[in-house]
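Student: need coordinates for the below:
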Amino acid sequence: MPDFLPDVPADAVLAALSRAPGGELASGKFDSPESSAALAANAFGRFLDAPELLPPLPGVPMGRPLRVEVEAEMRFPWKGGRHPWLDAAVTTATTLVGVESKRYEPFRPAKAAVFSEAYDSRDWGAGMAAFDAVRGALSGGRLAYRHLDAVQLVKHAYGLRTQGEKRGVGAVLVYLHAAPATWANGKPVDPAAIRAHGAEVADFAARVKGAAVTFVPLRWAALLAQWAAVPALAGHAAAITARFGVV
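Tutor: From the prediction side, this is the model:
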């Protein structure tokens with residue numbers, strides 16, 4: 001059984017992880033010292049039973065949290081196929097916030113990712129035209145990112161749009177990312193790759209600005225600094241830093 005941080009309801013987090021299709025537990029990936037899933041589950045798992053303790057995320061238009069989930073599915077408007085799973089989701093009275101967490105993934109060799117024909121056959125609404133344009137440019141080879149998984153982000157945005165409309169609330173996609181100076185084994189992460197990733201995040205954000213799903217890039221360091229300044233969360237922020245290092 002994974003060793004969760006203090007104040008994290010282990011049974012509830014394990015139940016959520018077991019429902020997700022990624023196989024993080026069975027494969028052993030969750031126990032890796034470089035696991036992004038472990039970082040997100042420990043960080044947001046603290047709030048599963050106490051969502052009122054979670055402050056609005058920095059720079060995110062959302063209001064006070066009413067519910068916090070880890071490994072949250074955002075289903076598309078069709079039954080079959082695969083649907084997006086986000087590392088965390090926060091529900092407020094006005095907003096559905098989906099959190100996609102990245103730690104070391106942007107600095108590893110990129111995996112091929114594509115859109116199926118189902119994405120082209122669906123009208124995602126006028127408010128999603130910016131995401132549609134990015135999808136078209138990625139599919140047509142007119143746009144490519146080396147470090148940013150833009151295909152995944154567009155899919156997440158569509159899932160959040162679908163569920164936000166279904167629930168009658170707005171939707172926000174938070175890209176919670178890190179800039180680790182070293183790998184878990186102590187070897188340095190290429191600083192040029194960190195800079196390139198940052199530039200790609202900024203480019204993607206500019207392309208989808210004003211869309212119906214608001215895209216907010218957020219550094220793990222900024223989030224932990226916010227929590228560290230809250231007396232009730234200072235211990236949790238310190239425990240995350242002690243376990244996972246500077247992110």
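
Student: how about the residue nearest the centre of the chain, secondary structure?
Tutor: Geometric centre of the chain, nearest residue: E100, 0.7 Å, by CA atoms, centre = their mean. Per DSSP: H, G, I helix; E, B strand; the rest coil, the local secondary structure of E100 is strand.

Student: again with V90
Tutor: Under the three-state scheme (three-state DSSP), V90 adopts strand.

Student: model confidence for it, exactly?
Tutor: Note on V90: pLDDT of 98.

Student: one more: V246?
Tutor: V246 carries a pLDDT value of 67.

Student: helices of the protein, start to end?
Tutor: Remark: helices assigned in the chain by DSSP state H are 10-19, 24-27, 36-45, 117-120, 129-139, 150-167, 191-207, 220-228, 234-244.

Student: so which helix or strand of this protein has the lowest pLDDT on average?
Tutor: Least confident helix or strand, the chain: helix 24-27 with a mean of 60, by mean pLDDT, DSSP states H and E.

Student: what number of residues lie near the closest residue to S36 other than its chain neighbours?
Tutor: Distances taken as CB to CB, 6 or more residues apart in numbering place R103 nearest to S36, at 4.0 Å, with adjacent residues excluded. Heads up, the C-betas are built off the backbone N, CA and C, glycines and all. Neighbours of R103 under the rule other CB atoms under 10 Å: 23.

Student: go ahead and confirm R103 touches A179.
Tutor: No. With contacts counted by CB atoms under 8 Å, R103 stays clear of A179, the gap being 9.7 Å.

Student: shared neighbours, the two?
Tutor: Contact criterion CB atoms under 8 Å, 6 or more residues apart in numbering; residues shared by R103 and A179: V247.

Student: A184 touches P33, doesn't it?
Tutor: Yes. Using CB under 8 Å, A184 makes contact with P33 at a distance of 3.9 Å.

Student: who are the neighbours in contact with K155?
Tutor: When contacts are counted by CB under 8 Å, 6+ apart, K155 touches P84, F115, Y119.

Student: among the residues you listed, who's most crowded?
Tutor: When neighbours are counted by other CB under 10 Å, P84 leads those with 23 neighbours.

Student: and the gap between that one and A12?
Tutor: 21 Å (CB to CB, to the nearest Å).

Student: related to what we said a few turns ago, ok, the contacts of K155 vs G159, which is closest?
Tutor: The nearest member of the contacts of K155 to G159, counting by CB to CB, is P84 at 3.8 Å.

Student: could you find the closest non-adjacent residue to that closest one?
Tutor: Using CB to CB, 6+ apart, the closest residue to P84 is G159 (3.8 Å).

Student: now T241. Nearest residue, chain neighbours left out?
Tutor: Nearest non-adjacent residue to T241 (CB to CB, 6+ apart): L224, at 6.3 Å.

Student: ok, now which ones touch the one you found?
Tutor: So L224 contacts A237, I240, T241, V247 (CB under 8 Å, 6+ apart).
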